[in-house]
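**Student:** I'll drop the sequence and a predicted model, then ask my questions.
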Amino acid sequence: MWIAGCARPRKSWSSWRPIWPGTRAGDVYEFVVKEFGKHGWTYTTSLVGHGVGCWWHQQEPVLARGSEIVLEEGMVLALEPHKDYWHIQDMVVVRARGPELISDKFSTDQMFVIQ
């Protein structure tokens, strides 16, 4: 699980059913809504992430409710669901074998603790 404040095993990315070639961007959004619901949270933010490319930071596909854009092999996605004012962004590459985490320079298993 990767929702802000919850532990997420680093090797869990392959179990992300929606991050595969052929999946609609809107299905990724609905996956996040359901995961938040499992924790008793309501997800109301308009998106859960977006594409990243060489010409634009927030380019298609925008991972938003109802988006019919189909994920393709090699797309780079910034996954950044929000909980209140907090979010952790991870970047993955869409691969046929499952998403490849490319933002692994430091752990995002937990939120930062400021004391």
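**Tutor:** Thanks, I have it.
**Student:** Which strands or helices does the helix or strand of the chain at the bottom of the mean pLDDT ranking pack on?
**Tutor:** Ranked by mean pLDDT, DSSP states H and E, the helix or strand of the chain with the weakest confidence is strand 86-87, at a mean of 76. On a contact count with 3 or more Cβ pairs under 8 Å, 6 or more residues apart in numbering; DSSP states H and E, strand 86-87 meets no helix or strand. For glycine as for every other residue, the C-beta is placed from the backbone atoms N, C-alpha and C.
**Student:** now what about whichever helix or strand comes after that strand, what contacts it?
**Tutor:** Using DSSP states H and E, the helix or strand that directly follows strand 86-87 along the chain is strand 90-93. Contact with strand 90-93 is made by 2, 13, 19, 52, 74-80, 99-103, 108, as judged by Cβ atoms under 8 Å, 6 or more residues apart in numbering.
**Student:** Give me the sheet partners of the least confident helix or strand of the chain and which way each runs.
**Tutor:** Paired neighbours of strand 86-87 in the sheet (DSSP bridges): strand 82-83 (antiparallel).
**Student:** looking only at pLDDT, what's the mean for the partner strand?
**Tutor:** Average pLDDT, strand 82-83: 84.
**Student:** ok, now stretch 104-115?
**Tutor:** On average, stretch 104-115 scores 63.
**Student:** can you offset everything so residue one is 557?
**Tutor:** Okay, residue one is now 557; in that scheme the one you just asked about reads as stretch 660-671.
**Student:** Hmm, residue 628 and residue 577 touching each other?
**Tutor:** Yes: counting by Cβ atoms under 8 Å, residue 628 is a contact partner of residue 577 at 5.7 Å.
**Student:** overlap in contacts of the two?
**Tutor:** residue 650.
**Student:** Which parts of this structure are strands?
**Tutor:** Per DSSP state E, the chain carries strands over the ranges 603-607, 615-620, 632-635, 638-639, 642-643, 646-649, 656-657.
**Student:** Nearest approach to residue 583 belongs to which of these?
**Tutor:** For the strands of the chain, proximity to residue 583 was assessed by Cβ to Cβ; strand 615-620 is nearest, at 9.2 Å.
**Student:** Let me know the pLDDT of residue 564.
**Tutor:** 40.
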